[in-house]
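Asker: Sequence first, then the predicted structure:
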Amino acid sequence: MRRRAALIVCGVDLALWALLAIIFFLSGSDPAVRDLDVAAGIAVTILFALTAIPAFLLAWFGRAEILAIGFALAFPMAFVLLFAFGVLLVA
């Protein structure tokens, strides 16, 4: 049961990352801030690689399901913290 939950959360993480990558890398924003969008896209991709990919691998092989769920939930939580930090940095 936990393995299936971890795989579902990893699938949601994958969909969220794909949506964010499309938004950041293909945005038609002002050329002056285009590099900030690319930097944010790279940061989200690194965050995804450090949290959701290990979670998926742990869940897929049936190892440490609770840790896999923790890793999978870390991606959206870390993204929210990264976004809040960026907002506070700009404000």
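Answerer: Nice, I can see it.
Asker: how close does the residue nearest the centre of the chain sit to Ala84?
Answerer: Nearest to the mean C-alpha position of the chain, counting by C-alpha atoms, centre = their mean, stands Phe48 at 3.9 Å. Look at Phe48 and Ala84: by C-beta to C-beta, to the nearest Å, they are 18 Å apart. Heads up, the C-betas are built off the backbone N, CA and C, glycines and all.
Asker: Just the element for Ala52, please.
Answerer: Secondary structure assigned from DSSP states H and E places Ala52 in helix 34-60.
Asker: Skip the chain neighbours and tell me the closest residue to Gly62.
Answerer: Arg3 (5.8 Å; C-beta to C-beta, 6 or more residues apart in numbering).
Asker: buried stuff in the host helix or strand of that neighbour?
Answerer: Using DSSP H and E, Arg3 sits in helix 2-25. Residues Arg3, Ala6, Leu7, Val9, Cys10, Asp13, Leu14, Leu16, Trp17, Leu20, Phe24 are the ones in helix 2-25 that count as buried (16 or more other C-beta atoms under 10 Å).
Asker: do stretch 27-38 as well
Answerer: Asp37.
Asker: quick one: the helix or strand harbouring Ala84 to helix 2-25, angle?
Answerer: Ala84 belongs to helix 65-90 when elements are defined using DSSP H and E. With axes from the mean of the first three to the mean of the last three C-alpha atoms, to 10 degrees defining the directions, helix 65-90 sits at 20 degrees from helix 2-25.
Asker: Which elements pack onto helix 65-90?
Answerer: Helix 65-90 sits against helix 2-25, helix 34-60, with contacts defined as 3 or more C-beta pairs under 8 Å, 6 or more residues apart in numbering; DSSP states H and E.
Asker: Report pLDDT for the residue nearest to Gly62.
Answerer: Per-residue confidence at Arg3 stands at 81 (pLDDT).
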